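**Q** sequence first, predicted model second:
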Amino acid sequence: MYSKKGQVTIFVVLGIVLLAAFLLIFFLRGQLFGVEVDVDATGGDKFVRTCFANIGQDAVSKISLNGGFLYNYDNILEVNDYTIAYHLFNGADTSPSRDFMVSELTNFVLEELSTCIERNASSASVETIIDSEEVRFIANFEEEDYFIRVKHPLGFLFEQSESLVNDLIQGRTLTSGFVDFDIHLKVLPYNAESNIYTLEFEDLEFNFAEKQEIADETFLDFQGDFVYSSNSNSLEAMFIGYNVGKIGTQSILLIGKQGGIITPNTPVINLEYGPIAYYVYQGNKKSMTKEYMELEIADYIMSGLYATMDQVDNDFVITVDIQEDQILIYTNYGDLELDNTLTSPLGKILAARDELVNELAIDTESLIDLEDSDIEATAFMHDANTTIYRLTVETDTGPYSFDFAVN
């Protein structure tokens, strides 16, 4: 009998301990996960006031985690069970406005009130004010006034996000760290195209996302012009001249797309559409030289010609000269001599590339500020360790881009 009583006592004690632990975890849950927001509420009926307070608290917490929206938004990143607004989408500022957030909060409070009080609340009115340190709801329902203060620095965090978006537009690469005395920024590369930024203030968070599509449409848009001359008017000369221009244009696209390489023999990062050469890798600078690219282009054209021609009677000798706005290709095939000129800003881009790489070798967080205003430089964070830089020049035949990676 004594043994049974002892077992019962042990189970009772364990139950009390587990219950206390559960209550403690529940009480601290808001502090641990940053979901609890202090609320002050005054006026009107106590039950309705409590509903207003709970709904206001929930609305402010959600809109902060979602990056400024509660219902529908044009550009969103879906992450598990919640969504985050893109504040930067392919280089365009798509941040929600403060007025938009006011509208979202107001609509949320009005729509949820009926559910909370379990009766029609269509006669209710709400004015929402977003300040730096708090969000205020001034409401009226059934001729009673209610004043709700949600102690959340939504306005301040939103202003900080706007500043960071502007930095991203200017070409700055953001990293985790303090951006203000009280504000910590956490950067999470979500995938190859999207980053999530979290502004942390004490236990509260404000999220926003950035998307920059890295696809080869940019390269496919570039057509390039080429002309050729020859010491012969034969059909064979015409065939070779045309194919040198065509294959040469393909080689220039690959050179830009892959960071100056065609056949990888250097550290690269492999993306869905191919490899990109690292130009700063683990602190070491390694750029593809103009002479190296000239050999790569020549080898590519030569291989393409051998594959195109049914019968080859002589060896090809191809020499490439990359100039600022054009590429000269000299081809010898037996007695035939051909000169091809391809329109391409590759040489111009290489000068800007060298300028940028020298800056990045010193400071990998260097802002993109090129002397040549015709060249647009953008940066894409691939993961926590790698950033891809793209230099783009608009030409008469479409944009031409050159990518390289920095570790």
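**A** Cool, the structure landed. Residues are numbered from 1 along each chain as shown.
**Q** can you report how many residues lie near residue 241?
**A** 22 (other C-beta atoms under 10 Å). All C-beta atoms are positioned from the backbone trio N, CA, C, and that covers glycine.
**Q** tell me the SS of it?
**A** Three-state call for residue 241 (DSSP: H, G, I helix; E, B strand; the rest coil): helix.
**Q** what's the closest non-adjacent residue to it?
**A** residue 228 (3.7 Å; C-beta to C-beta, 6 or more residues apart in numbering).
**Q** now do residue 40
**A** residue 149 (4.3 Å).
**Q** does residue 320 touch residue 327 like I think?
**A** Yes. Residue 320 is within contact range of residue 327, at 6.5 Å (criterion: C-beta atoms under 8 Å).
**Q** so what sits against both of those two?
**A** Listed as contacting both residue 320 and residue 327 by C-beta atoms under 8 Å, 6 or more residues apart in numbering are residue 297.
**Q** separation between residue 173 and residue 85?
**A** Distance from residue 173 to residue 85, counting by C-beta to C-beta, to the nearest Å: 21 Å.
**Q** returning to that earlier point: what does the residue nearest to residue 40 show for phi and psi?
**A** phi -120, psi 110 (degrees, to the nearest 10).
**Q** for it, list each beta-bridge partner.
**A** residue 40, residue 136 (DSSP bridges).
**Q** what residues are up against the residue nearest to residue 241?
**A** 241-242, 244-245, 338-341.
**Q** so which of those residues wins on neighbours?
**A** residue 244 (26 neighbours).
**Q** now do the contacts for that one.
**A** 226, 228, 301, 305, 318, 329, 331, 338, 340.
**Q** any chance of those in JSON lines, with pLDDT and distance to residue 115 too?
**A** Formatted as JSON lines, the contacts of residue 244 follow (pLDDT from 0 to 100; distance: C-beta to C-beta, whole Å):
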{"residue": "226", "pLDDT": "70", "distance to residue 115": "68"}
{"residue": "228", "pLDDT": "71", "distance to residue 115": "75"}
{"residue": "301", "pLDDT": "90", "distance to residue 115": "70"}
{"residue": "305", "pLDDT": "85", "distance to residue 115": "73"}
{"residue": "318", "pLDDT": "93", "distance to residue 115": "75"}
{"residue": "329", "pLDDT": "92", "distance to residue 115": "72"}
{"residue": "331", "pLDDT": "91", "distance to residue 115": "77"}
{"residue": "338", "pLDDT": "89", "distance to residue 115": "78"}
{"residue": "340", "pLDDT": "88", "distance to residue 115": "73"}
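**Q** make TSV out of those and add secondary structure and distance to residue 94.
**A** Below are the contacts of residue 244 laid out as TSV (DSSP: H, G, I helix; E, B strand; the rest coil; distance: C-beta to C-beta, whole Å):
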residue	secondary structure	distance to residue 94
226	strand	39
228	strand	46
301	helix	43
305	helix	47
318	strand	47
329	strand	43
331	strand	49
338	strand	50
340	strand	44
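**Q** nearest to residue 275, of those residues?
**A** residue 301 (20.2 Å; C-beta to C-beta).
**Q** quick check: that closest one touching residue 247?
**A** Yes. Between residue 301 and residue 247 there is a contact at 4.9 Å, judged by C-beta under 8 Å.
**Q** who has more neighbours, those two?
**A** Neighbours were counted for residue 301 and for residue 247 using other C-beta under 10 Å; residue 301 has more, 24 against 20.
**Q** quick check: buried residues in stretch 146-160?
**A** 146, 148-150, 152-158, 160 (16 or more other C-beta atoms under 10 Å).
**Q** with stretch 101-121 instead?
**A** Neighbour-count burial for stretch 101-121 flags 101, 103-106, 108-110, 112-113, 116-117, 121 (criterion: 16+ other C-beta under 10 Å).
**Q** let me see the ranges of the helices in the protein.
**A** In the chain, the segments counted as helices under DSSP state H are 2-33, 46-66, 98-117, 154-169, 217-220, 235-257, 290-308, 346-362.
**Q** format these as TSV; extra columns: distance to residue 185.
**A** Formatted as TSV, these follow (distance: least, C-beta to C-beta, whole Å):
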stretch	distance to residue 185
helix 2-33	19
helix 46-66	15
helix 98-117	20
helix 154-169	7
helix 217-220	29
helix 235-257	32
helix 290-308	38
helix 346-362	21
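**Q** nearest to residue 276, of the ones you listed?
**A** Per C-beta to C-beta, nearest to residue 276 of the helices of the chain: helix 235-257, 7.8 Å.
**Q** ok, residue 304 to residue 315 distance?
**A** With C-beta to C-beta as the criterion, residue 304 and residue 315 are 15 Å apart.
**Q** the more surrounded of those two?
**A** Higher neighbour count among residue 304 and residue 315: residue 304, with 17 against 10, using other C-beta under 10 Å.
**Q** what score does that one have for pLDDT?
**A** With respect to pLDDT, residue 304 has a value of 84.
**Q** thought it was touching residue 245?
**A** No. Contact criterion C-beta under 8 Å: residue 304 and residue 245 do not qualify, at 11.1 Å.
**Q** in the stretch 301-407 of the chain, which spans are strands?
**A** 316-322, 326-333, 336-343, 375-381, 387-395, 398-406 (DSSP state E, counting those that start in this stretch).
**Q** okay, buried residues for the last one please.
**A** In this case it means strand 398-406. For strand 398-406, a neighbour-count test (16+ other C-beta under 10 Å) marks 400-406 as buried.
**Q** who are the packing partners of that strand?
**A** Under the contact criterion of 3 or more C-beta pairs under 8 Å, 6 or more residues apart in numbering; DSSP states H and E, strand 398-406 touches helix 217-220, helix 235-257, strand 274-281, helix 346-362, strand 387-395.
**Q** so which of residue 173 and residue 85 has more stuff around it?
**A** For residue 173 and residue 85, the more surrounded residue by other C-beta under 10 Å is residue 85, and the numbers stand at 23 against 20.
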